[in-house]
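Visitor: fold the following.
(one chain, ligands or ions: 1)
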Amino acid sequence: MQGAVLYGARDIRFEDRADPTIVEPTDAIISLPVTCICGSDLWPYRGVSPFPAGTPMGHEYCGYVEEVGRDVTSVKRGQFVIGSFFASDNTCPHCHHGFQSSCVHKTAVGGAQAPRLRVPLADGTLVATRDMPDVDHIPSMLALSDVMGTGWFAADAANVKPGSTVVVVGDGAVGLLGVLSAKQIGAERIIAMSRHEARQKLAREFGATDIVTERGDEGVERIKQLTNGVGADSVLECVGTQESMMQAIKSTRPGGSVGYVGVPHGVTLDGADLFFRHVRLLGGPAPVRRYLPQLIDLVFAGKINPGKVFDLVLPLDQVAEGYRAMDERRAIKTLLRPSGN
Ligand SMILES: [Zn+2]
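Guide: Predicted coordinates for the structure are as follows:
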């Protein structure tokens, strides 16, 4: 098969890769009707995060089970399944507490920008849909694998409740789906921080009631003005820089919560500053597995359509253009179609 492999900064190639095979008896092999590029793939792509040259890329996936190892009991050949970027056993204490992305047996899933993928710990990781999704639903199912699950975790971690006032920092795909999640949970006011017109439009479509274009302390000032000087109940931090993290913390009212899902790059927090702010912080790699059954039902019921974040669709062999478009912010998120699947 052929898939996407990253060699160096901005050097992504579509090239021959070995077909995945069952390695452990708990593995499954799935074929991928669609795949995509994640905002977090841009960190290594830009040379910001180190990686070994020749890394197969992609960690978001859904598709049809082709083959399972002899110990797999809960998924079968032919089923449509969705999993998370961390494989998990779903049986350890952390999994039982709903933090499958901290599973004691967690394993990163990689190489999904390809026609086929090996998923470890298939029983714990994969969730099969009751019915086969329509072709129209498949991009939304793919979004559940990471961006939608992560946006939902941001909202859950930020303690969004019906009637909440919510701020979303970051207008990438995760931030936009954080807006959608807050709306679905019942937030009354959702303030999206964005200075990009197309993204503002999608944020409004997903449920944003206000847009703030200012950043940093000016952005915080604007949030305070919009909330009668109080600050927000819940703030979703979906970027991962020092500025975005401080923007999130300072926009939160005393007693409020920050859900942070942007992978931190150079973020440091001052203990004394945090002490007097009285805010709760919960974040990290989203335990997507916890939310999959509920989110799959919401997609089937037509209540959410997270696949709308894909604003560029390319054949998989044009993966390099997909990365360029996201790097240059011409695209929010690129959907890729492997040929023949
Ligand atoms: Zn576990």
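Visitor: can you give me the helices in the chain?
Guide: 42-45, 93-96, 122-125, 138-144, 147-157, 173-185, 197-206, 216-226, 242-251, 271-277, 288-300, 319-327 (DSSP state H).
Visitor: for the fifth one, packing partners?
Guide: Contacts of helix 147-157 with other secondary structure elements, assessed using 3 or more Cβ pairs under 8 Å, 6 or more residues apart in numbering; DSSP states H and E, are made with helix 173-185, strand 232-237, strand 252-260, strand 280-283, helix 288-300. The way it works is simple: take the backbone N, C-alpha and C, and place the C-beta from them, glycine included.
Visitor: returning to what we had before: wait, which of the helices of the chain is closest to Thr334?
Guide: helix 319-327 (3.6 Å; Cβ to Cβ).
Visitor: list the buried residues for that closest one?
Guide: Within helix 319-327, the residues scored as buried using 16 or more other Cβ atoms under 10 Å are 319, 321-326.
Visitor: for that helix, the averaged confidence score.
Guide: Mean pLDDT, computed over helix 319-327, is 98.
Visitor: stretch 334-341 now?
Guide: Rounded mean pLDDT across stretch 334-341 is 91.
Visitor: and the end-to-end length of it?
Guide: In stretch 334-341, first residue to last residue: 18 Å (Cα to Cα, to the nearest Å).
Visitor: what's the answer for stretch 220-238, then?
Guide: End-to-end for stretch 220-238, by Cα to Cα: 16 Å.
Visitor: next: stretch 192-200.
Guide: First-to-last residue span, stretch 192-200, Cα to Cα: 8 Å.
Visitor: picking that back up, adding mean pLDDT and mean neighbour count, write the helices and strands packed on helix 147-157 out as CSV.
Guide: Compiled in CSV, the helices and strands packed on helix 147-157 are given as follows (pLDDT from 0 to 100; neighbours: other Cβ atoms under 10 Å):
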stretch, mean pLDDT, mean neighbour count
helix 173-185, 98, 29
strand 232-237, 98, 30
strand 252-260, 98, 22
strand 280-283, 98, 17
helix 288-300, 98, 20
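Visitor: mind listing what's buried in stretch 153-171?
Guide: Those would be 153-160, 164-171, for stretch 153-171 by 16+ other Cβ under 10 Å.
Visitor: need the contact list for the residue of the stretch 201-341 of the chain found nearest the ion.
Guide: Going by Cβ to the ion, the ion is nearest to Arg289 of the stretch 201-341 of the chain, at 9.2 Å. Shown in contact with Arg289 (Cβ atoms under 8 Å, 6 or more residues apart in numbering): 83-84, 86, 88, 90, 95, 100-101, 124-125, 127.
Visitor: identify the residue nearest it in space, chain neighbours excluded?
Guide: If the residues on either side of it in the chain are set aside, Arg289 comes closest to Gln100, at 3.9 Å by Cβ to Cβ, 6 or more residues apart in numbering.
Visitor: ok, Gly216 next?
Guide: Glu243 (5.5 Å).
Visitor: same deal with Gly98?
Guide: Arg290 (4.3 Å).
Visitor: quick one, what contacts that neighbour?
Guide: Contacts of Arg290 by Cβ under 8 Å, 6+ apart are 98-100.
Visitor: low-scoring stretches of this protein, by residue?
Guide: Residue ranges of the chain with pLDDT under 70: none are present.
Visitor: from the ion, how far out is the residue nearest the centre of it?
Guide: By Cα atoms, centre = their mean, the chain has its centre lying nearest to Val147, at 2.2 Å. Relative to the ion, Val147 is positioned 23 Å away (Cβ to the ion, to the nearest Å).
Visitor: ok, that residue - contacts?
Guide: 38-39, 60, 173-174, 177, 306, 309, 333.
Visitor: not counting sequence-adjacent ones, nearest residue to it?
Guide: With Cβ to Cβ, 6+ apart, the residue lying closest to Val147 is Ala173, at 4.6 Å.
Visitor: so the one you found touches Lys333, yeah?
Guide: Yes. The criterion here is Cβ atoms under 8 Å, and Ala173 meets it with Lys333 at 4.3 Å.
Visitor: name the residues contacting each of these two.
Guide: Joint contacts of Ala173 and Lys333 (Cβ under 8 Å, 6+ apart) are 39, 147, 309.
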